[in-house]
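Colleague: dropping the sequence and predicted coords here.
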Amino acid sequence: MRKKNQEDTWTELKEQPVPEGHHLLEVQDLKMYFYTQDGVVKAVNGVSYNLDRGETLGVVGESGSGKSVTSLTIMGLVDMPPGKIMGGDVLYRGKSLLKMSERDMQHVRGNDIAMIFQDPMTSLNPVYTIGRQLSEGMRLHLGYTKEQAWKRSIELLDMVGIPNPEQRVKDYPHEFSGGMRQRVMIAMALACNPDILIADEPTTALDVTIQAQIIELMQEMQQKNGNAIIMITHDLGVVADVADKIMVMYAGSPVEFGTADEIFYGSLHPYTWGLTRSIPDPVFTEKHPLTPIEGNPPSLVNVPKGCPFSPRCPYATALCHEKYPDLYVTETGHYSRCHYAGDPEFVKKNAPANSRTKAAAKAAKEGGEA
Amino acid sequence: MAKKKIFNEKPVGVETPEQARANAPKEGSEVETTAPVRTLWSDAWRRLRRNKLAIISVIWIAIVVLIALTADLWVPAKLGGPTQQLYDARLPMSWEHPFGTDQVGRDVLSRVIYGSRISLAVGVMATAISTVIGLIMGALAAYYGGLWDTIIMRLADIFLAFPYILFVIVMLAVMGSGIQNVFIAIGVLGWPSIARVFRSAILSVKSNDYIDAARSMGASDFRIITRHIFPNSVASIVVYATMNIGGAILTEASLSFLGMGVVPPDPSWGILIEDGQKYLATNPWLMIMPGLAIISTVLAFTLLGDGLRDALDVKMKDA
Amino acid sequence: MEQDRTGQKPLLHVEHLTKEFPVEGGVFNRSRKKSVHAVNDVSFDIYPGETFGLVGESGCGKSTTGRCIMRLTTPTSGKVVFDGKDVSKMNKAELKEMRRNMQFIFQDPYASLNPRMTIGEIVSEPLVIHKVMPDKDERMDYVRSLLDVVGLNPEHINRYPHEFSGGQRQRIGIARAFALRPKLIICDEPVSALDVSIQAQVLNLLSDLQQEYGTAYLFIAHDLSVVQHISDRVAVMYLGNMMEYSDWKTLYAEPYHPYTQSLLSAVPVPDPDLQRNRKRIILKGDPPSPINPPSGCRFHTRCPIAQEICSKEPMPELREVAPGHFCRCHFAAPKPIKESSVEL
């Protein structure tokens, strides 16, 4: 019924060209606060980025950094109240998602922007078969008949690597393992061929060997469909070889943004360094303590004065505790919210070593010897 | 390791620089440094206060209980207090007799007030009896499981399979009427639902790691039940018992209406309704007033139970 | 830390430990009873003050092994000897005494702390149960000092668990486990539920505490990179069986078993160049169900180098492929990890 009404008023957004001067998705200084009993929670505080088709954006941060809420806000899935948009905009193909009616948003969700969640156990409805749950979106958004949707469900399951899809499509979620359920979630998300796939910690609940499979699958699907991916994670390692751009979030705000190369080989923010250092190095010969980021993420109700990261930053100075840092932006658009990002000496001295700096040091050493 | 030695040496902090740094930023980074110290019960009370219906219910229940307890002090004898002075029969509502008088000339307001004593007593006593039996049975079934569980829960099923009110009537027919027997009949027959609720609450608490944690520390069964299982499953019982009080009041009213409950001239609300329904056409207040008393009180207990359920749910904390 | 352990008595000795869970076929087909072979003939020793790492995917029996040792569940067969005493033959009093010296740290920092108890009550509970330190003030002073040791503010002793973050809650769990200064702590995935940045904090705290108090750990995890940083010796489990077992250095430098090799290669590295150039072995499919394990070598259905023999012959024996290095594979061959990751 809904479908019928929409046909005359709704133009398929994803079939429209991206307007001149716009990106597929533009998030502009987005601010979303929760008004709660305990005070104002600044969950999303000035997030900006652009995303084009075929690109992958990694959003990295600890729990409570606002990384998940940002994408829920984009999807219009935050309850208002207690949530409230305090500024900024989200443009999808040049159209504001924030100004869209709930009815139009329902069409965007699943059809243009799809989402998969961390816990594949709870995001599938246990009382319906996988086939029925897969069909639902296609019948709603694409106007498929029951038979068409069923046939396509089998194709989708086959595509995401579920063996014996003709049989499995009739199974219930509890008959699938965790990794298989996450595959089903990906199939479901891709059913309507969305422009953007938002994956919120898609591999955190899975075993390491399954994690690798799921990441590989998402990349494969991206190559096939050309969709954009927003990958939300707390582990920089997970996005290392998949992300084109990375946004590092802390206390509701992005603290660093750049291409993957810039983040991994030319990071300008101590928080990013901390995240990189805290991942255990798989190849080592001597035991040494790990290098965590000390302390805990701040409460979003009570964000520390000055730079929010200053209480946990090993390099913090009096300035950091007093003044909120400005953005330091390079020519390439790589930015960092640190008072000392523009100081090459500081960065060189404190940034963690990586394969490129090691190779350079080795080359220099060998060059010196020769 | 000797017992003494372990605890006589003062544990020393690990003085690595990393530790020192970890200790330093504790202030600003604490999750809730600004909030006052809160306990779960004070949190529950805070949430309950936000629920207007629940608060109205609490106030109403408090008023009814207060009136019932203090009736002897201020309901004047001439209005049909303890001495039951008689007036003209079936007087309409007036300032002197706000609820009118009944077929033999007793003041209806006074009878409703005295009736609240019996109705509330039945509600509380019967629920207390059901709760005690239900708690024991539910705890045995859930904690020991196996055969205990099977026997107790099948017994509960059998109880629940009979129409409740008929069961109570049969029991009263065997034991005879009278207020104590009403307590016992309603109370004893009410245990299966409480046992069920408590059993499932325990089972869900039991699956938590902190129960295993306590076991792995060597805690006794008694300690695990009293310190870990009970405090975490009691919330559901508080909720259920609150709602059950309303249910028991209703059951008593039905019984009295059928002439099986409290024996006249003791004025329970059910008896007042039964008395009044004969004059429904001519003197409707005789039935409406006690009816309103029952409805408002039962509703208050139900709404309070509902509010308590939301307030005591730890997961609802930040909702 | 390759110490010579000849003559040293193990703190914990596990021998042929097997645990089967019956699976009932429902009301109408009781006769077709099956069982899950959760743990199958697992043997190892833990020496005082060392850390033994147990790694595997979910459902491989690593947690069940820990729970059998603690007697939270009773093993089907096999022997667990703790401090010279057979755990399965202990009476109630002995079991209680054993639990003084063996403690448990749980994976889920939210489910493992009683939400209706204050931090002080939680951390002091082992002291109360074992009636050490009967004086309440003394006990609370001790708890405050423990909180300080694990990096929490001692003034928060009267707060409730829900006021703390996941990492802080795990510190509370650690303080509780250390309250009695046990000889062995079974850490069941203590950092899996935490953010990477907080994982490192907790791992460092655990190794600092070990150095300070000489506690031995059985460290259970699904992530090899986490285990290697804390363990002296590491065992890899798959479908209830121990597949490889060695000291940490050789296991990571020269893994013999294809499963270990794939686990190692699956660990994500925060360095795109390395990550892209690494030869990654991505296993196909899911681990099979332990109710119906594959014939022959349990791993053959997912093994990248499986041959006919792997499904036909019975499960290969755990054999010593190098001194102190055991592996359960027909084709066990060392695969230095440096070759598979590109050193630039």
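Modeller: That came through fine.
Colleague: drop to CA atoms for contacts and neighbour counts, all remaining ones
Modeller: Will do.
Colleague: tell me the secondary structure at the single nearest residue of the stretch 51-200 of chain A relative to chain C.
Modeller: Per C-alpha to the nearest C-alpha, A:Glu62 is where the stretch 51-200 of chain A lies closest to chain C, at 6.0 Å. Look at A:Glu62: counting by DSSP: H, G, I helix; E, B strand; the rest coil, its state is coil.
Colleague: for residue 266, give me the pLDDT.
Modeller: Because you didn't say which chain, this covers chain A. We have a pLDDT of 84 for A:Gly266.
Colleague: nope, chain B please
Modeller: pLDDT for B:Asp266: 73.
Colleague: mind listing what the closest residue to it other than its chain neighbours touches?
Modeller: Leaving aside its sequence neighbours, B:Asp266 sits nearest to B:Gly115 (C-alpha to C-alpha, 6 or more residues apart in numbering or on different chains; 7.6 Å). Neighbour list for B:Gly115: B:Asp266, B:Pro267, B:Ser268, B:Trp269, B:Leu272 [criterion: C-alpha atoms under 8 Å, 6 or more residues apart in numbering or on different chains].
Colleague: which stretches of chain A have low pLDDT?
Modeller: Segments of chain A classed as low confidence (criterion: pLDDT under 70) are A:1-12, A:120, A:282-285, A:368-370.
Colleague: in it, which spans are helices?
Modeller: Remark: helices assigned in chain A by DSSP state H are A:2-9, A:67-74, A:102-111, A:130-141, A:146-159, A:165-168, A:178-190, A:208-225, A:236-239, A:260-265, A:270-278, A:318-322, A:344-350, A:355-369.
Colleague: show the average pLDDT along stretch C:239-254.
Modeller: Per-residue pLDDT over stretch C:239-254 has a mean of 86.
Colleague: equivalent analysis for stretch C:153-168, please.
Modeller: Averaging pLDDT along stretch C:153-168 gives 85.
Colleague: again, but for stretch B:208-223
Modeller: Confidence for stretch B:208-223, expressed as mean pLDDT, is 85.
Colleague: thinking again about what came up before, tell me which element the residue nearest to B:Asp266 falls in.
Modeller: Taking DSSP states H and E as the criterion, the element that holds B:Gly115 is helix B:108-144.
Colleague: number of residues surrounding C:Glu155?
Modeller: When neighbours are counted by other C-alpha atoms under 10 Å in any protein chain shown, C:Glu155 registers 11.
Colleague: could you find the closest non-adjacent residue to it?
Modeller: C:Arg144 (7.5 Å).
Colleague: confirm for me that C:Pro316 is in contact with C:Arg328.
Modeller: Yes - with contact defined as C-alpha atoms under 8 Å, C:Pro316 counts as touching C:Arg328 (5.6 Å).
Colleague: of the two, which one has the most company?
Modeller: C:Arg328 (22 against 16).
Colleague: which residues does that one contact?
Modeller: By C-alpha under 8 Å, 6+ apart, C:Arg328 lies in contact with C:Met242, C:Met243, C:Glu244, C:His257, C:Pro316, C:Glu317, C:Leu318, C:Arg319.
Colleague: swap the cut-off to 6 Å and go again
Modeller: C:Met243, C:Pro316, C:Glu317, C:Leu318 (C-alpha atoms under 6 Å, 6 or more residues apart in numbering or on different chains).
Colleague: how many residues are close by the residue in the stretch 51-200 of chain B positioned nearest to chain A?
Modeller: Closest approach of the stretch 51-200 of chain B to chain A (C-alpha to the nearest C-alpha) occurs at B:Asn51, with a separation of 14.1 Å. Close neighbours of B:Asn51, defined as other C-alpha under 10 Å, add up to 18.
Colleague: tell me the pLDDT of it.
Modeller: Here, the pLDDT recorded for B:Asn51 equals 84.
Colleague: for it, give its distance to B:Gly305.
Modeller: According to C-alpha to C-alpha, to the nearest Å, B:Asn51 and B:Gly305 sit 12 Å apart.
Colleague: next one: C:Asp208
Modeller: Separation of C:Asp208 from B:Gly305 (C-alpha to C-alpha): 50 Å.
Colleague: so which of these two has more stuff around it?
Modeller: Per other C-alpha under 10 Å, whichever of C:Asp208 and B:Gly305 has more neighbours is B:Gly305, with 25 against 20.
Colleague: many thanks, I have nothing further to ask.
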